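Q: Need coordinates for the below:
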Amino acid sequence: MSKSPVTSPAAVSPLSRRRLFAGAGTAGALAAVATVLPSQREAVPEASAQPKAAPEAGGGYQLTAHVKQYYQTTKV
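A: Purely as a prediction, here's the structure:
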């Protein structure tokens, strides 16, 4: 009759607090990386076949809504 090996409580390492927090930190880091990485690659829009024509009066400045917004924020 052979005896099966008996494991003592000291031989089995319990889940330590340090190991628990290390595992939780690793899982949290992996979850953060998974949310940051895109799930699908977005298609890059193709460049237009014809470039915009240069303005007749010269220069390329246009007073648009976001430029007006900027000017409003710079007023003292």
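Q: Going by C-alpha atoms from here, please, whenever you check contacts or count neighbours.
A: OK.
Q: Can you report how many residues neighbour residue 31?
A: 11 (other C-alpha atoms under 10 Å).
Q: now it: how far from residue 74?
A: 41 Å (C-alpha to C-alpha, to the nearest Å).
Q: Then residue 56?
A: In this view, residue 56 and residue 74 are 30 Å apart by C-alpha to C-alpha.
Q: biggest helix in this protein, by residue count?
A: Taking DSSP state H as the assignment, the helix of the chain that covers the most residues is helix 17-36.
Q: May I have the helix or strand following that one exported as PDB, CA atoms only?
A: Per DSSP states H and E, the first helix or strand lying C-terminal to helix 17-36 is helix 65-74. This file holds the C-alpha atoms of helix 65-74, laid out as PDB (Å, rounded to 0.1, in the frame of the first residue of the first chain):
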ATOM      1  CA  ALA A  65     -15.800  81.100 -36.700                       C
ATOM      2  CA  HIS A  66     -12.900  79.500 -34.800                       C
ATOM      3  CA  VAL A  67     -10.700  82.500 -35.600                       C
ATOM      4  CA  LYS A  68     -13.300  84.900 -34.300                       C
ATOM      5  CA  GLN A  69     -13.700  82.700 -31.200                       C
ATOM      6  CA  TYR A  70      -9.900  83.000 -30.600                       C
ATOM      7  CA  TYR A  71     -10.000  86.800 -31.000                       C
ATOM      8  CA  GLN A  72     -12.800  86.900 -28.400                       C
ATOM      9  CA  THR A  73     -10.700  84.900 -25.900                       C
ATOM     10  CA  THR A  74      -7.700  87.200 -26.300                       C
END
